[in-house]
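**Student:** Following is a predicted model, sequence given first.
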Amino acid sequence: MVNPLSGRAWQKLAGIYSKDVLYASNQTGVSRKLLAAVIHVESRASNVVSYAGAVGPMQLMPSTAWRILHVNPWKPRQNIVGGARYLRRLLAIFHGHLRLALEAYNAGPTTVAQGVIPIPAKVYARQVMALAA
(Lines give C-alpha, C1' and ligand atoms only; values in the text may rest on other atoms or scores of the structure.)
Protein backbone atom coordinates (compact mmCIF):
# COMPACT_ATOMS: atom_id res chain seq x y z
CA MET A 1 0.00 0.00 0.00
CA VAL A 2 1.27 3.48 -0.84
CA ASN A 3 1.56 5.89 2.08
CA PRO A 4 -1.05 8.62 1.48
CA LEU A 5 1.32 11.21 2.98
CA SER A 6 4.39 10.32 0.97
CA GLY A 7 6.14 13.28 -0.58
CA ARG A 8 3.87 16.27 -0.40
CA ALA A 9 0.58 14.42 -0.05
CA TRP A 10 0.34 15.76 3.54
CA GLN A 11 -0.56 19.08 1.89
CA LYS A 12 -3.71 17.55 0.48
CA LEU A 13 -4.81 16.53 3.97
CA ALA A 14 -3.99 19.96 5.37
CA GLY A 15 -5.93 21.58 2.54
CA ILE A 16 -6.01 25.36 2.67
CA TYR A 17 -3.99 25.19 5.89
CA SER A 18 -0.84 23.64 4.41
CA LYS A 19 1.22 26.84 4.85
CA ASP A 20 0.01 27.15 8.43
CA VAL A 21 0.89 23.50 9.09
CA LEU A 22 4.39 24.06 7.75
CA TYR A 23 4.74 27.18 9.92
CA ALA A 24 3.48 25.36 13.06
CA SER A 25 5.75 22.39 12.36
CA ASN A 26 8.76 24.69 12.06
CA GLN A 27 7.79 26.54 15.26
CA THR A 28 7.16 23.46 17.40
CA GLY A 29 9.08 20.58 15.89
CA VAL A 30 5.92 18.52 15.51
CA SER A 31 5.84 16.63 12.20
CA ARG A 32 3.85 18.31 9.45
CA LYS A 33 2.53 14.86 8.53
CA LEU A 34 1.17 14.45 12.04
CA LEU A 35 -0.36 17.93 12.10
CA ALA A 36 -1.97 17.42 8.69
CA ALA A 37 -3.39 14.07 9.81
CA VAL A 38 -4.84 15.60 12.99
CA ILE A 39 -6.42 18.43 11.00
CA HIS A 40 -7.90 15.98 8.53
CA VAL A 41 -9.37 13.69 11.18
CA GLU A 42 -10.50 16.55 13.44
CA SER A 43 -12.13 18.87 10.94
CA ARG A 44 -11.57 17.62 7.38
CA ALA A 45 -9.50 20.80 6.94
CA SER A 46 -12.32 23.23 7.62
CA ASN A 47 -12.80 25.91 10.27
CA VAL A 48 -15.71 24.25 12.09
CA VAL A 49 -17.15 24.25 15.60
CA SER A 50 -17.89 20.81 17.09
CA TYR A 51 -20.97 19.87 19.08
CA ALA A 52 -18.75 20.02 22.21
CA GLY A 53 -17.61 23.55 21.37
CA ALA A 54 -14.14 22.77 19.99
CA VAL A 55 -13.04 25.28 17.38
CA GLY A 56 -11.13 25.40 14.12
CA PRO A 57 -8.92 23.06 12.14
CA MET A 58 -7.24 21.53 15.24
CA GLN A 59 -10.52 21.52 17.20
CA LEU A 60 -9.23 23.35 20.27
CA MET A 61 -11.49 24.08 23.20
CA PRO A 62 -11.59 27.87 23.48
CA SER A 63 -10.72 27.88 27.20
CA THR A 64 -7.64 25.71 26.58
CA ALA A 65 -6.63 27.84 23.61
CA TRP A 66 -6.88 31.13 25.48
CA ARG A 67 -5.69 30.19 28.98
CA ILE A 68 -3.13 27.46 28.40
CA LEU A 69 -1.91 27.80 24.82
CA HIS A 70 -2.28 31.60 24.60
CA VAL A 71 -3.71 31.56 21.08
CA ASN A 72 -6.91 32.81 19.49
CA PRO A 73 -8.69 29.59 18.44
CA TRP A 74 -10.72 31.47 15.82
CA LYS A 75 -7.61 32.43 13.82
CA PRO A 76 -6.57 29.35 11.82
CA ARG A 77 -2.79 29.85 12.05
CA GLN A 78 -2.96 30.43 15.80
CA ASN A 79 -5.29 27.45 16.16
CA ILE A 80 -2.83 25.19 14.34
CA VAL A 81 0.18 26.49 16.27
CA GLY A 82 -1.77 26.02 19.51
CA GLY A 83 -2.73 22.48 18.55
CA ALA A 84 0.89 21.71 17.66
CA ARG A 85 2.06 23.07 21.04
CA TYR A 86 -0.56 20.98 22.78
CA LEU A 87 0.50 17.84 20.90
CA ARG A 88 4.13 18.52 21.78
CA ARG A 89 3.17 18.81 25.47
CA LEU A 90 1.17 15.59 25.33
CA LEU A 91 4.06 13.76 23.68
CA ALA A 92 6.30 14.94 26.54
CA ILE A 93 3.75 13.92 29.19
CA PHE A 94 3.37 10.46 27.65
CA HIS A 95 7.13 10.05 27.06
CA GLY A 96 6.90 10.13 23.27
CA HIS A 97 4.19 7.49 23.07
CA LEU A 98 2.23 8.74 20.05
CA ARG A 99 -0.88 6.63 20.51
CA LEU A 100 -1.34 7.80 24.11
CA ALA A 101 -0.66 11.42 23.17
CA LEU A 102 -3.30 11.26 20.43
CA GLU A 103 -5.80 9.57 22.70
CA ALA A 104 -5.16 12.35 25.23
CA TYR A 105 -5.61 14.99 22.52
CA ASN A 106 -9.03 13.50 21.88
CA ALA A 107 -10.21 12.47 25.36
CA GLY A 108 -8.07 14.59 27.66
CA PRO A 109 -4.78 13.82 29.38
CA THR A 110 -6.30 13.09 32.79
CA THR A 111 -8.60 10.46 31.35
CA VAL A 112 -5.75 8.73 29.51
CA ALA A 113 -3.36 8.99 32.47
CA GLN A 114 -5.99 7.23 34.59
CA GLY A 115 -6.09 4.42 32.03
CA VAL A 116 -9.70 5.11 31.08
CA ILE A 117 -9.50 5.47 27.32
CA PRO A 118 -12.86 5.74 25.56
CA ILE A 119 -13.30 3.73 22.39
CA PRO A 120 -13.78 6.86 20.24
CA ALA A 121 -10.36 8.13 21.42
CA LYS A 122 -8.78 4.80 20.45
CA VAL A 123 -10.39 4.95 17.00
CA TYR A 124 -9.29 8.58 16.62
CA ALA A 125 -5.67 7.74 17.47
CA ARG A 126 -5.63 4.83 14.99
CA GLN A 127 -7.02 7.05 12.22
CA VAL A 128 -4.47 9.81 12.79
CA MET A 129 -1.56 7.35 13.07
CA ALA A 130 -2.58 5.61 9.84
CA LEU A 131 -2.59 8.91 7.95
CA ALA A 132 0.63 10.16 9.52
CA ALA A 133 2.59 6.93 8.99
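**Tutor:** Looks like it arrived, so ask away.

**Student:** Can you check which helix is longest in the protein?
**Tutor:** Across the chain, the longest stretch assigned as helix under DSSP state H is helix 76-93.

**Student:** What residues sit buried inside that one?
**Tutor:** By neighbour count with 16 or more other CB atoms under 10 Å, helix 76-93 contains the buried residues 76-87, 89-91. All C-beta atoms are positioned from the backbone trio N, CA, C, and that covers glycine.

**Student:** can you tell me which of those lies nearest to V49?
**Tutor:** V49 has its nearest neighbour among these in N79, at 11.5 Å by CB to CB.

**Student:** Hmm, that closest one is touching G56, no?
**Tutor:** Yes: counting by CB atoms under 8 Å, N79 touches G56, with 3.7 Å between them.

**Student:** Pick out the residue nearest the middle of this structure.
**Tutor:** V38 (3.9 Å; CA atoms, centre = their mean).

**Student:** That one: what secondary structure?
**Tutor:** helix (DSSP: H, G, I helix; E, B strand; the rest coil).

**Student:** what does the model give it for pLDDT?
**Tutor:** Note for V38: predicted pLDDT of 97.

**Student:** show me the contacts for it.
**Tutor:** Taking CB atoms under 8 Å, 6 or more residues apart in numbering as the contact definition, V38 lies against 58, 83, 87, 102, 105, 128, 132.
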